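**Student:** heads up, no residue letters with this:
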(Lines give C-alpha, C1' and ligand atoms only; values in the text may rest on other atoms or scores of the structure.)
Protein backbone atom coordinates (compact mmCIF):
# COMPACT_ATOMS: atom_id res chain seq x y z
CA UNK A 1 0.00 0.00 0.00
CA UNK A 2 2.80 2.41 0.90
CA UNK A 3 4.64 1.56 -2.33
CA UNK A 4 1.53 2.40 -4.34
CA UNK A 5 1.13 5.67 -2.47
CA UNK A 6 4.72 6.65 -3.25
CA UNK A 7 4.22 5.64 -6.88
CA UNK A 8 1.10 7.81 -7.12
CA UNK A 9 2.90 10.74 -5.50
CA UNK A 10 5.79 10.44 -7.97
CA UNK A 11 3.39 10.20 -10.91
CA UNK A 12 1.50 13.30 -9.75
CA UNK A 13 4.73 15.27 -9.41
CA UNK A 14 5.69 14.39 -12.98
CA UNK A 15 2.23 14.91 -14.51
CA UNK A 16 1.84 11.21 -15.45
CA UNK A 17 -1.94 11.14 -15.33
CA UNK A 18 -2.28 7.66 -16.81
CA UNK A 19 -0.11 6.14 -14.09
CA UNK A 20 -2.10 7.96 -11.39
CA UNK A 21 -5.29 6.45 -12.81
CA UNK A 22 -3.81 2.93 -12.80
CA UNK A 23 -2.61 3.24 -9.19
CA UNK A 24 -6.00 4.58 -8.13
CA UNK A 25 -7.70 1.56 -9.70
CA UNK A 26 -5.34 -0.77 -7.83
CA UNK A 27 -5.99 0.97 -4.51
CA UNK A 28 -9.74 0.79 -5.08
CA UNK A 29 -9.54 -2.95 -5.68
CA UNK A 30 -10.50 -2.83 -9.34
CA UNK A 31 -9.06 -5.25 -11.86
CA UNK A 32 -5.42 -4.56 -12.68
CA UNK A 33 -4.02 -4.19 -16.17
CA UNK A 34 -3.55 -7.51 -17.97
CA UNK A 35 -0.38 -8.13 -19.93
CA UNK A 36 -1.50 -9.51 -23.31
CA UNK A 37 1.10 -11.85 -24.90
CA UNK A 38 2.16 -11.22 -28.49
CA UNK A 39 4.22 -13.16 -31.03
CA UNK A 40 7.46 -12.37 -32.78
CA UNK A 41 8.07 -12.73 -36.52
CA UNK A 42 8.80 -16.44 -36.07
CA UNK A 43 5.48 -17.08 -34.33
CA UNK A 44 7.14 -17.47 -30.92
CA UNK A 45 5.09 -16.26 -27.97
CA UNK A 46 6.55 -13.32 -26.08
CA UNK A 47 5.41 -13.09 -22.47
CA UNK A 48 7.95 -10.89 -20.70
CA UNK A 49 7.47 -7.15 -20.70
CA UNK A 50 10.97 -6.49 -22.06
CA UNK A 51 10.59 -8.89 -25.01
CA UNK A 52 7.21 -7.40 -25.86
CA UNK A 53 8.62 -3.89 -25.65
CA UNK A 54 11.45 -4.78 -28.04
CA UNK A 55 8.97 -6.41 -30.46
CA UNK A 56 6.73 -3.34 -30.45
CA UNK A 57 9.78 -1.14 -31.01
CA UNK A 58 10.84 -3.30 -33.95
CA UNK A 59 7.33 -3.27 -35.40
CA UNK A 60 6.81 0.49 -35.27
CA UNK A 61 10.30 1.20 -36.55
CA UNK A 62 9.41 -0.81 -39.64
CA UNK A 63 5.95 0.72 -40.01
CA UNK A 64 6.85 4.36 -39.39
CA UNK A 65 10.27 4.57 -41.04
CA UNK A 66 9.54 4.03 -44.70
CA UNK A 67 12.02 4.61 -47.49
CA UNK A 68 11.61 7.72 -49.60
CA UNK A 69 9.95 7.12 -53.00
CA UNK A 70 12.29 6.70 -55.95
CA UNK A 71 10.54 9.52 -57.81
CA UNK A 72 9.56 12.64 -55.89
CA UNK A 73 6.45 14.59 -56.83
CA UNK A 74 7.23 17.85 -58.61
CA UNK A 75 4.95 20.65 -57.39
CA UNK A 76 4.54 23.45 -59.96
CA UNK A 77 4.94 27.10 -59.02
CA UNK A 78 1.80 28.64 -57.53
CA UNK A 79 -0.02 30.86 -60.07
CA UNK A 80 -1.13 33.37 -57.43
CA UNK A 81 -0.04 34.51 -54.00
CA UNK A 82 -2.35 33.92 -51.04
CA UNK A 83 -3.12 36.94 -48.89
CA UNK A 84 -1.91 35.49 -45.59
CA UNK A 85 0.04 37.23 -42.85
CA UNK A 86 3.45 35.54 -42.74
CA UNK A 87 4.98 37.54 -39.88
CA UNK A 88 5.94 35.67 -36.68
CA UNK A 89 3.01 35.02 -34.30
CA UNK A 90 2.18 37.98 -32.09
CA UNK A 91 1.66 37.71 -28.33
CA UNK A 92 -2.06 38.32 -28.84
CA UNK A 93 -2.29 35.44 -31.32
CA UNK A 94 -0.40 33.14 -28.96
CA UNK A 95 -2.72 34.07 -26.09
CA UNK A 96 -5.75 33.29 -28.24
CA UNK A 97 -4.24 29.97 -29.32
CA UNK A 98 -3.48 29.01 -25.71
CA UNK A 99 -7.04 29.77 -24.60
CA UNK A 100 -8.36 27.52 -27.40
CA UNK A 101 -6.35 24.47 -26.26
CA UNK A 102 -8.57 21.60 -25.15
CA UNK A 103 -8.58 20.54 -21.51
CA UNK A 104 -8.12 17.03 -20.15
CA UNK A 105 -5.85 15.96 -23.00
CA UNK A 106 -2.76 13.82 -22.51
CA UNK A 107 0.42 15.91 -22.45
CA UNK A 108 3.14 15.55 -25.05
CA UNK A 109 6.76 14.56 -24.55
CA UNK A 110 7.28 17.72 -22.47
CA UNK A 111 4.67 16.47 -19.95
CA UNK A 112 3.01 19.91 -19.88
CA UNK A 113 -0.79 19.84 -19.92
CA UNK A 114 -2.79 22.52 -21.69
CA UNK A 115 -4.28 23.53 -18.35
CA UNK A 116 -0.84 24.68 -17.14
CA UNK A 117 -0.57 27.17 -20.01
CA UNK A 118 -4.16 28.33 -19.51
CA UNK A 119 -3.62 29.25 -15.85
CA UNK A 120 -1.97 32.48 -17.03
CA UNK A 121 -2.22 32.86 -20.84
CA UNK A 122 -0.52 36.27 -20.74
CA UNK A 123 2.56 34.96 -18.91
CA UNK A 124 2.63 31.86 -21.11
CA UNK A 125 2.44 33.98 -24.27
CA UNK A 126 5.22 36.28 -23.05
CA UNK A 127 7.40 33.23 -22.37
CA UNK A 128 6.67 31.46 -25.65
CA UNK A 129 6.79 34.51 -27.93
CA UNK A 130 10.61 34.73 -28.32
CA UNK A 131 10.76 30.96 -28.84
CA UNK A 132 8.07 31.02 -31.53
CA UNK A 133 9.71 34.02 -33.19
CA UNK A 134 13.06 32.22 -33.42
CA UNK A 135 11.43 29.05 -34.76
CA UNK A 136 9.45 31.04 -37.33
CA UNK A 137 12.37 33.07 -38.61
CA UNK A 138 14.82 30.16 -38.75
CA UNK A 139 12.20 27.77 -40.16
CA UNK A 140 13.50 24.98 -37.92
CA UNK A 141 10.94 23.05 -35.86
CA UNK A 142 12.13 21.43 -32.59
CA UNK A 143 12.50 17.67 -32.79
CA UNK A 144 10.25 17.27 -29.75
CA UNK A 145 7.32 18.66 -31.76
CA UNK A 146 7.48 15.67 -34.09
CA UNK A 147 7.72 13.13 -31.28
CA UNK A 148 4.80 11.38 -29.65
CA UNK A 149 3.80 8.47 -27.45
CA UNK A 150 2.37 5.26 -28.86
CA UNK A 151 -0.26 3.30 -26.96
CA UNK A 152 -1.25 -0.19 -28.09
CA UNK A 153 -4.80 -1.25 -27.27
CA UNK A 154 -5.99 -4.87 -27.70
CA UNK A 155 -9.13 -5.46 -29.73
CA UNK A 156 -11.02 -8.54 -30.85
CA UNK A 157 -10.12 -10.22 -34.12
CA UNK A 158 -6.99 -11.61 -35.75
CA UNK A 159 -3.56 -10.27 -35.01
CA UNK A 160 -3.14 -8.73 -38.46
CA UNK A 161 -0.01 -6.80 -37.52
CA UNK A 162 1.95 -10.00 -37.03
CA UNK A 163 2.48 -13.22 -38.97
CA UNK A 164 0.85 -16.59 -38.20
CA UNK A 165 -2.01 -15.19 -36.14
CA UNK A 166 -4.53 -17.50 -34.50
CA UNK A 167 -8.17 -17.10 -33.55
CA UNK A 168 -7.28 -16.94 -29.87
CA UNK A 169 -4.90 -14.06 -30.38
CA UNK A 170 -5.82 -10.41 -29.97
CA UNK A 171 -5.04 -7.81 -32.58
CA UNK A 172 -3.91 -4.37 -31.57
CA UNK A 173 -4.66 -0.84 -32.62
CA UNK A 174 -2.16 1.91 -32.01
CA UNK A 175 -2.91 5.43 -30.82
CA UNK A 176 -0.35 8.13 -31.39
CA UNK A 177 -0.38 11.06 -29.00
CA UNK A 178 0.31 13.80 -28.14
CA UNK A 179 2.01 16.84 -29.55
CA UNK A 180 3.35 19.36 -27.04
CA UNK A 181 0.84 22.11 -26.32
CA UNK A 182 3.33 24.70 -27.55
CA UNK A 183 3.46 23.00 -30.94
CA UNK A 184 -0.34 22.88 -31.13
CA UNK A 185 -0.44 26.61 -30.41
CA UNK A 186 1.70 27.39 -33.47
CA UNK A 187 -0.48 25.35 -35.82
CA UNK A 188 -3.54 27.01 -34.28
CA UNK A 189 -2.12 30.43 -35.18
CA UNK A 190 -1.57 29.35 -38.79
CA UNK A 191 -5.07 27.90 -39.06
CA UNK A 192 -6.57 31.02 -37.50
CA UNK A 193 -4.86 33.25 -40.05
CA UNK A 194 -6.25 31.21 -42.92
CA UNK A 195 -9.74 31.43 -41.43
CA UNK A 196 -9.39 35.17 -40.79
CA UNK A 197 -8.54 35.77 -44.44
CA UNK A 198 -11.40 33.47 -45.47
CA UNK A 199 -8.96 31.33 -47.44
CA UNK A 200 -9.50 27.65 -48.03
CA UNK A 201 -5.99 26.56 -48.97
CA UNK A 202 -7.21 23.06 -49.78
CA UNK A 203 -9.36 24.49 -52.60
CA UNK A 204 -6.34 25.98 -54.35
CA UNK A 205 -5.00 24.04 -57.34
CA UNK A 206 -1.48 24.38 -56.00
CA UNK A 207 -2.33 24.66 -52.31
CA UNK A 208 0.74 22.79 -51.06
CA UNK A 209 3.10 25.07 -52.97
CA UNK A 210 1.23 28.17 -51.80
CA UNK A 211 1.30 27.05 -48.19
CA UNK A 212 5.02 26.28 -48.21
CA UNK A 213 5.82 29.50 -50.05
CA UNK A 214 4.00 31.74 -47.58
CA UNK A 215 4.96 29.99 -44.37
CA UNK A 216 8.53 29.12 -45.36
CA UNK A 217 7.83 25.40 -44.95
CA UNK A 218 6.62 25.80 -41.39
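**Tutor:** Arrived safely, thanks for sending. Owing to the predicted nature of the structure, the values given are computational and were not obtained by experimental measurement. Numbers count the residues shown, from 1 in each chain.

**Student:** for residue 183, give me phi and psi.
**Tutor:** In terms of degrees, to the nearest 10, the main-chain angles of residue 183 are phi -70, psi -40.

**Student:** residue contacts, residue 124?
**Tutor:** 94, 95, 98, 117, 118 (Cβ atoms under 8 Å, 6 or more residues apart in numbering). The C-beta positions use only the backbone N, C-alpha and C, and glycine is treated the same way.

**Student:** oops, could you answer that again for residue 55 instead?
**Tutor:** The neighbours of residue 55, taking Cβ under 8 Å, 6+ apart as the test, are 38, 40, 46.

**Student:** pretty sure residue 152 is in a strand, no?
**Tutor:** Yes - under DSSP: H, G, I helix; E, B strand; the rest coil, residue 152 sits within a strand.

**Student:** any idea how many residues pack against it?
**Tutor:** Using other Cβ atoms under 10 Å, residue 152 is surrounded by 16 other residues.

**Student:** one step back: same list, the contacts of residue 124, but as TSV with distance to residue 84 and neighbour count please.
**Tutor:** Shown next, in TSV, are these (distance: Cβ to Cβ, whole Å; neighbours: other Cβ atoms under 10 Å):
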residue	distance to residue 84	neighbour count
94	17	27
95	20	20
98	21	23
117	25	24
118	27	15
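
**Student:** just the ones in helices from those residues, please.
**Tutor:** 94, 95, 98, 117, 118 (DSSP state H).

**Student:** which of these sits closest to residue 131?
**Tutor:** Nearest to residue 131 among these: residue 94, at 9.9 Å, using Cβ to Cβ.

**Student:** return the member of the ones in helices among the contacts of residue 124 nearest to residue 64.
**Tutor:** Distances from residue 64 to these, taken by Cβ to Cβ, are shortest for residue 117, at 28.4 Å.

**Student:** wait, what's in contact with residue 24?
**Tutor:** residue 8.

**Student:** look up the pLDDT of it for me, please.
**Tutor:** We note a pLDDT of 76 for residue 24 in this prediction.

**Student:** so it sits in a strand?
**Tutor:** No - applying three-state DSSP, one finds residue 24 to be helix, outside a strand.

**Student:** separation between it and residue 4?
**Tutor:** Counting by Cβ to Cβ, to the nearest Å, the separation of residue 24 from residue 4 is 9 Å.
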